[in-house]
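Participant: Any chance you can model this:
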Amino acid sequence: MALPKAEAEKLHKRPARASEDADQTQIPPLESGDRLTRDEFERRYNAMPNLKKAELIEGVVYMPSPVRHLNHGKQHRQIVTWLGNYCDATPGTDSSDNCTVRLDNDNDPQPDVVLFIEESADGQIRLSADGYIERAPELVVEVAGSSASRDLHDKFQAYRRNGVQEYIVWRTHDKKIEWFRLQGQQYVKVEPDAKGVIASSVFPGLRLHVNALINGEMNKVNAELQKGLKSKEHAAFVKQLAQRSKRK
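Facilitator: Take a look at the predicted model:
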């Protein structure tokens, strides 16, 4: 039976009203200091495609200010070069620059650089269906302004608690690099050897001449790394990673 004209017009208009209601229900924008769950943080972050960086640290939203070349950008590039060279020479490892890491329900940091053993080689991380790193990478590097940075406070605790095995913080204003190693449930600061070098305990062959990096002497940094890449320990590690991957 045909509906009266008035009823038919009323039904025809319902989808339009529903659409208008949906347009009025907008996702709230992220604001620094918001206290959110990880799911809500990501929902709001994804709704702001022009936002370059935001982090959820211990349930609190942080939206960093623009960064300078001299106190962050340059150092960031040097760290990427150092770890990228190691990664390229070490099949079974991977690295990433400024990617979001889903640590836990209260932490969605965006570390400056991470280095990790691939999932296929029994590494700690997992890649989600939508391409995010989940769980803790084995090594995280943050470029910080000073010891007052949250990188040495809230992030420090979040990385420790979630099992980041090695954590490096480059304090650019203080001209210091601090390397922490997870022992049990605590981070222990690692000091350079007599030659000013720190060697990773998780990634054999990954060696850093600390003062050379601070001073921007990348030739020395790379020369020290090459020593590690030519070592027996690195060769054994590459072989071990290959064997792990074959078992998958």
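
Participant: Buried residues in the lengthiest strand in the chain, which are they?
Facilitator: Counting residues, the longest strand in the chain under DSSP state E turns out to be strand 176-183. For strand 176-183, the neighbour count (16 or more other CB atoms under 10 Å) marks 177, 178, 179, 180, 181, 182 as buried. For glycine as for every other residue, the C-beta is placed from the backbone atoms N, C-alpha and C.

Participant: so for it, what's the average pLDDT?
Facilitator: If you average the pLDDT over strand 176-183, you get 97.

Participant: And that strand, what does it pack against?
Facilitator: Under the contact criterion of 3 or more CB pairs under 8 Å, 6 or more residues apart in numbering; DSSP states H and E, strand 176-183 touches strand 166-171, strand 186-190, helix 210-214.

Participant: ok so, going back, residue 117: which of the buried residues of strand 176-183 is nearest?
Facilitator: Closest approach to residue 117 among the buried residues of strand 176-183 (CB to CB): residue 182, at 14.9 Å.

Participant: Parallel or antiparallel, list what pairs with the longest strand of the chain.
Facilitator: Using DSSP bridges, strand 176-183 pairs in its sheet with strand 166-171 (antiparallel), strand 186-190 (antiparallel).

Participant: Give me the residues contacting the last one.
Facilitator: Here strand 186-190 makes contact (CB atoms under 8 Å, 6 or more residues apart in numbering) with 156, 160, 167, 178, 179, 180, 181, 182, 198.

Participant: Pull out the buried residues from the host helix or strand of residue 75.
Facilitator: Element membership of residue 75 [criterion: DSSP states H and E] is helix 74-88. Neighbour-count burial for helix 74-88 flags 75, 76, 78, 79, 80, 82, 83, 85, 86, 87 (criterion: 16+ other CB under 10 Å).
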